[in-house]
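K.L.:
heads up, no residue letters with this:
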């Protein structure tokens, strides 16, 4: 369950958590048109709190809104400041931050023109999304019977609220079958992404990840590509099939919530040695050093409070 904080930033002001309410005729509640982001703030080695890639997340939020034809009522600078304000008001040294843009009460029907656009920023303390054990030992994954959206069915480059029903169905199917996470294929049958994460495989020291054709352009994915290249590793953005995944030496998921989570098994096939491999560990260590302010080369990605 989400741990309550003191305040939520709602349409330009901080209000008590329990007062952040909407009407049952809120348009997004009925039809799913809204956009959101997931951002993490970390407690750093110098005692300060830093939000990881804040401006990039807010830019992607605005990109999603643009694609979905939602006119933002606040500027990027205002929302970046609001994220920082929320953490300070709640006294949170580490937190997950959820900006949410949705259409409020006023219009019903499939033409949302005239609906008020509302913005909320919620922050709460959230540990490892796929579990501390998953970060350390790796997780078990099941290929879902649900496939990822075609690029002309939904806007796959956006974090649109309604898109995630697809992810919910896949996640519930995997968990009910005893797995930790779901893997979705694209409409051509190639490995695409998980319910809320991007995927990497390692073979003979080379990293491979699906291209941005129909996947969300993950900021953690982008970070890992940069870190891997800076570590002298070769990274290829190319499609790969399930059997190539089964035969990988290593595999891992990336995402703001999941961070860098190793995969130890897919569809009852053990991946590599069945535990996090050396490349995954190296990437994981480098990533956590960056987000906690321990690597001066990547300070540009951190917004300190």
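P.N.:
Happy to help now that I have it. Everything numeric in this text was worked out from a predicted model, so none of it was measured.
K.L.:
where's residue 120 relative to residue 7, distance?
P.N.:
Going from residue 120 to residue 7 by C-beta to C-beta, to the nearest Å gives 11 Å. The C-beta positions use only the backbone N, C-alpha and C, and glycine is treated the same way.
K.L.:
swap in residue 302?
P.N.:
Applying C-beta to C-beta, the value for residue 302 to residue 7 is 23 Å.
K.L.:
starting at the chain centroid, how far to the helix or strand hosting residue 164?
P.N.:
Assigned by DSSP states H and E, residue 164 belongs to helix 164-176. In terms of C-alpha atoms, centre = their mean, to the nearest Å, the centre of helix 164-176 is found 15 Å from the chain centre.
K.L.:
Tell me the helix or strand right after it.
P.N.:
Where DSSP H and E defines the elements, the next helix or strand beyond helix 164-176 is strand 181-185.
K.L.:
what angle separates that following strand from helix 164-176?
P.N.:
Strand 181-185 runs at 130 degrees relative to helix 164-176, counting by axes from the mean of the first three to the mean of the last three C-alpha atoms, to 10 degrees.
K.L.:
From the contact counts, what lies against strand 181-185?
P.N.:
strand 139-143, helix 164-176, strand 191-194 (3 or more C-beta pairs under 8 Å, 6 or more residues apart in numbering; DSSP states H and E).
K.L.:
quick one, which of the ones you listed is packed in tightest?
P.N.:
Highest mean neighbour count of the helices and strands packed on strand 181-185: strand 191-194, a mean of 26 (counted as mean count of other C-beta atoms under 10 Å).
K.L.:
Provide the strand pairings for that one, with the direction of each partner.
P.N.:
Note on strand 191-194: by DSSP bridges, its sheet partners are strand 181-185 (antiparallel).
K.L.:
now the partner strand: how far from the chain's centre is it?
P.N.:
Its chain's C-alpha centre and that of strand 181-185 lie 15 Å apart, by C-alpha atoms, centre = their mean.
K.L.:
Could you do stretch 58-78 as well?
P.N.:
17 Å.
K.L.:
in the stretch 151-300 of the chain, which spans are strands?
P.N.:
Per DSSP state E, counting those that start in this stretch, the stretch 151-300 of the chain carries strands over the ranges 181-185, 191-194, 198-203, 206-209, 234-237, 250-255, 259-266, 269-270.
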